[in-house]
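K.L.:
sequence? don't have it. structure:
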């Protein structure tokens, strides 16, 4: 009998991607202090891509501790512009400030994922996407945020590409799944390698 697959996340978009791909899984959010782990990794000089995969592993390991026989998938995403790491905006004013700081520049989304069983990391990966924001003016950003509303606060970049956020960009390099926070193609390959899904 194949082990259960658990997504260590409450992310609606990750769950949707996995369901749409035909995966059978349950979702159990990890009970960890992400910001504390994140802050320590930043203090230690970890790169944004390293932080993404370390947070993904921490989530998977936390859930694996209570579900040792399951295969647990942890995911996390960081956003960086040069050496600056962005976090989910606390309020609409910070969302506005973050979007203006991205204006005319190319930033990076770092998507980390890990599979854990019995407290052992079986697999880890980081995929990246580079996104170029067009030149924005403050008045447009005000109107944009007013239209899309506070749901942008759930996104590290204060935008959602699957909605009106797409209007902020001139170029995107990287796959759609990385942008949504789940390296789905690589995950499916690994699940087939582990004989967890039909290959």
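P.N.:
In hand now; what should we look at? This structure is a prediction, so every number in the text was calculated from the model and none was measured.

K.L.:
how far is the host helix or strand of residue 121 from where the chain is centred?
P.N.:
Per DSSP states H and E, residue 121 falls inside strand 120-133. Taking Cα atoms, centre = their mean, to the nearest Å, one finds strand 120-133 lying 8 Å from the centre of the chain it belongs to.

K.L.:
what lines up beside that strand in the sheet?
P.N.:
Counting by DSSP bridges, the strands paired with strand 120-133 are strand 106-117 (antiparallel), strand 169-173 (antiparallel).

K.L.:
would you mind listing the buried residues in the helix or strand following it?
P.N.:
The helix or strand immediately downstream of strand 120-133 is helix 138-148, counting by DSSP H and E. Of all the residues in helix 138-148, those buried under the rule 16 or more other Cβ atoms under 10 Å are 141, 144, 145, 148. For glycine as for every other residue, the C-beta is placed from the backbone atoms N, C-alpha and C.

K.L.:
right, so the strands paired with strand 120-133: which one is the most enclosed?
P.N.:
Stretch with highest mean neighbour count among these: strand 106-117 (a mean of 23; mean count of other Cβ atoms under 10 Å).

K.L.:
okay, helices next: where are they in this structure?
P.N.:
With DSSP state H as the criterion, the chain has helices at 12-20, 34-43, 48-64, 92-102, 138-148, 176-179, 184-193.

K.L.:
ok, so what distance separates the closest residue to residue 170 other than its chain neighbours from residue 99?
P.N.:
Nearest residue to residue 170 in three dimensions, chain neighbours excluded: residue 134, at 4.6 Å (Cβ to Cβ, 6 or more residues apart in numbering). Note on residue 134: its distance to residue 99, by Cβ to Cβ, to the nearest Å, is 11 Å.

K.L.:
tell me which of these two has more neighbours.
P.N.:
The neighbour comparison of residue 134 against residue 99 (other Cβ atoms under 10 Å) goes to residue 99, with 23 against 13.

K.L.:
from memory that one sits against residue 141, does it?
P.N.:
Yes. If you go by Cβ atoms under 8 Å, residue 99 and residue 141 touch, sitting 5.1 Å apart.
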